[in-house]
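Asks: model the structure of this input:
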Amino acid sequence: MADLSQYLGDGWNPADQERPSYEPLPPGVYVAVVTKSEVAESKNKPGVVGLKYDLEVTGHDGSKNNVFGWITIANPASQKSVTFGKAQLAELCEACNIRALADSTQLIGQSMKVDLKIRKSDNPQYSDSNEVKTFLPITHQSPVQGQQQPTGDPFQKI
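Replies: Numbering: from 1, shown residues only. The predicted model follows:
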């Protein structure tokens, strides 16, 4: 028998436990860090190989959300999906300032900005989730809605 009270405290009640939200972040640009990156074969499509990645995305309120993604890098049945996947991978590498990607682990720990959208779930068993629309360099400045963009020479002395 194991005594959980030493870890949970006396009088811990599961009904009182705060539960994390699995709601997707609203569409927009966020800071993200790659926490996992590996090359894997698709479970559903034989011969299809991709880069599976996990991102830790920081919400505008400071909360942390996980976003999971897949970039196709080999597909004997569709060269178009490979071309699209390689373009996505190039965008990811450029956002992380990686000039030559030789191993998927080079991505782990890299920071970037991501433009997220919401992917609607086809399965009522699962909720909607976030999907990366675009990878952006961390230095990318996103215009704030309603804010006028500066014009003229940014180095001009005032």
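Asks: who's in contact with the worst-scoring helix or strand of the chain on mean pLDDT?
Replies: One helix or strand of the chain scores below all others by mean pLDDT, DSSP states H and E: helix 5-8, with a mean of 82. Defining contact as Cβ atoms under 8 Å, 6 or more residues apart in numbering, one finds that helix 5-8 is touched by residue 12. Every residue, glycine included, has its C-beta placed from N, CA and C.
Asks: output it as PDB, nothing but the C-alphas.
Replies: Extracted in PDB, the C-alpha atoms of helix 5-8 (Å, rounded to 0.1, in the frame of the first residue of the first chain):
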ATOM      1  CA  SER A   5      -1.100  12.000   1.400                       C
ATOM      2  CA  GLN A   6       2.600  12.700   1.600                       C
ATOM      3  CA  TYR A   7       2.400  13.900  -2.000                       C
ATOM      4  CA  LEU A   8      -1.200  15.300  -2.200                       C
END
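Asks: which elements pack onto the lengthiest strand in the chain?
Replies: Ranked by number of residues, the top strand in the chain under DSSP state E is strand 28-41. Applying 3 or more Cβ pairs under 8 Å, 6 or more residues apart in numbering; DSSP states H and E, we find strand 28-41 packed against strand 49-58, strand 64-74, strand 111-119.
Asks: contact partners of the last one?
Replies: To tie it back to what came earlier, the one meant is strand 111-119. With Cβ under 8 Å, 6+ apart as the test, strand 111-119 has contacts from 24-34, 55, 57, 67, 92, 95-96, 128-138, 140, 142.
Asks: same thing with the longest one?
Replies: By Cβ under 8 Å, 6+ apart, the residues outside strand 64-74 that reach it are 24-25, 32, 35, 39, 47-59, 81-82, 84-86, 88-89, 92, 114, 116, 129-132.
Asks: ok, of these, which come out buried?
Replies: Among the contacts of strand 64-74, those classed as buried by 16 or more other Cβ atoms under 10 Å are 24-25, 32, 48-51, 53-55, 57, 81-82, 85, 88-89, 92, 114, 116, 129-132.
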